[in-house]
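Novice: the following block contains a protein sequence and its predicted model.
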Amino acid sequence: MINHATRVPLRLSALGVAAFLLAVAPAGVAATTNAPIAQTGGMTATLPLLGTPLTVAVTLDAVGNVSGVALDPSSALSKTKSGDDFVKFTNTDGSVKVSVKALGGQLSIKAKAKQLSDLLGSGRWSADVFGTGHDSSATYTVGKDASGNPTVAFGTVDPASGITWKLLKPVAAATVAPATSGKAKTDKAEADKGKGAHATAIGTFSWQGFTKTLTVAVNVNGSGAASLSITLTGRDAQKLSGTLASLAGARTWSAHLCDGTPVSVRYHVAADGTVVYDGATGAKATEKAFGDGFFAWFDKNRVALATMLVKHDDGTYSLLAFGRSGNCGHKSPGFFGFGHGHGPGHGQWSPPDKSKSKSTSH
């Protein structure tokens, strides 16, 4: 993750809440969250739940594993299960469930209830989106239309200094048809069970060529059960555009190996329009130059950087840098691809003319 600012992890404030602190993953335990999500240090969301706001504050450790979750009010739910990348809570009778998940390019908080009316109301979200030491925040409202379908919309969004916000076109309430199989369903009750409706509000935060997406989604299934999810998605993908002179200079990309070791790659944009590898710190890296850029990777390619410079017809350039991290615990090191994140466009990317490249270990 390329960042020229000082990162300050999110800390839980000293509220009168119950903190469900989880054991920080010891050395050797695979981290499954990428650098852009890890750099947030976590996030906090207030959920409109059963008419009483529930605040869920999530803390991530340096490699993006869930290290703590605090609930306010503290007596609302009890923790039922947890791991390095998730925590689950429920109330006494099991009618309300809340879960936290940090995996790949996503950090999410999700609440499930018996019906949509249990989730109606306003809430708030906040996080240090790009690890700059300052929180961005957003309010939202969950409602229902005349047909009883869910609605959701952002209210006030306050991005931190230097960060821009863009509201994407809201996804209006839509009916979801039941899944079909080879055998036709003759029981209407069973067929209706798969029907439902959903609504989504989406926006993006941008900073220094990076983008992260905030999504608030409400779903109602055919039986009437409802869920509310708040998800921050981030790919380790940077795009900076401008003149060659404006892009020139030294840069550093940083991440963590699967065992938690911090590593970095140093490089610079040269005056001849190439991106030059300058070295690595933290562990041994292998570098392969190609065309106007290079690959550099650690840990059997589970942590890596690919970067290049593209010249446009108008004489300007775009510097592209795609990182891979948090790609641990999978059989294939390339499971997520460069710049990995969930959703459309996983950022998988390969440079041109690799046949003329040359590998060097450092």
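Specialist: Cool, got the structure. Numbering: from 1, shown residues only.

Novice: and L232, how far from L119?
Specialist: According to CB to CB, to the nearest Å, L232 and L119 sit 19 Å apart. (C-beta placed from N, C-alpha, C; glycine too.)

Novice: buried residues in the helix or strand S82 falls within?
Specialist: Assigning secondary structure by DSSP states H and E places S82 in strand 78-83. Across strand 78-83, burial judged by 16 or more other CB atoms under 10 Å covers S82.

Novice: residues contacting whatever helix or strand comes next after that strand, please?
Specialist: Next along the chain after strand 78-83, taking DSSP H and E as the criterion, comes strand 86-90. Contacts to strand 86-90, defined as CB atoms under 8 Å, 6 or more residues apart in numbering, come from residues 20, 22, 66, 69, 71, 77-82, 96-103.

Novice: each with direction, which strands does strand 86-90 pair with?
Specialist: Sheet pairing for strand 86-90, assigned by DSSP bridges, gives strand 78-83 (antiparallel), strand 97-103 (antiparallel).

Novice: and those: which comes nearest P159?
Specialist: strand 97-103 (22.0 Å; CB to CB).

Novice: tell me the average confidence for that closest one?
Specialist: In this model, strand 97-103 has a mean pLDDT of 95.

Novice: which one is L168 nearest to, not counting chain neighbours?
Specialist: Closest residue to L168 apart from its sequence neighbours, by CB to CB, 6 or more residues apart in numbering: I202 at 4.4 Å.

Novice: again, but for P53
Specialist: T46 (5.0 Å).

Novice: so who does that neighbour touch?
Specialist: With CB under 8 Å, 6+ apart, T46 has these contacts: 53-56, 123-125.

Novice: which ones among those residues map onto helices?
Specialist: Within the contacts of T46, no residue falls in helices by DSSP state H.

Novice: who wins for most neighbours among those?
Specialist: Neighbour counts for those (other CB atoms under 10 Å) peak at V56, which has 27 neighbours.

Novice: report the contact partners of that residue.
Specialist: Counting by CB under 8 Å, 6+ apart, V56 has contacts 44-47, 69-71, 98, 100, 109.

Novice: how does this protein divide into domains?
Specialist: 18-180+189-234, 237-361 (automatic domain parsing).

Novice: least confident of the ones you listed, on average?
Specialist: What stands lowest among the domains of the chain, in mean pLDDT terms, is domain 237-361, with a mean of 79.

Novice: please identify the helix or strand for the closest residue to A270 other than its chain neighbours.
Specialist: Closest residue to A270 apart from its sequence neighbours, by CB to CB, 6+ apart: V276 at 5.2 Å. Here V276, judged by DSSP H and E, is contained in strand 275-281.

Novice: remind me what that strand packs against, helices and strands.
Specialist: strand 262-269, strand 286-290, strand 293-298, strand 303-311 (3 or more CB pairs under 8 Å, 6 or more residues apart in numbering; DSSP states H and E).

Novice: other residues contacting it?
Specialist: Residues contacting strand 275-281 (CB under 8 Å, 6+ apart): 250, 263-270, 287, 289, 292-294, 296, 298, 307-309, 319, 362.
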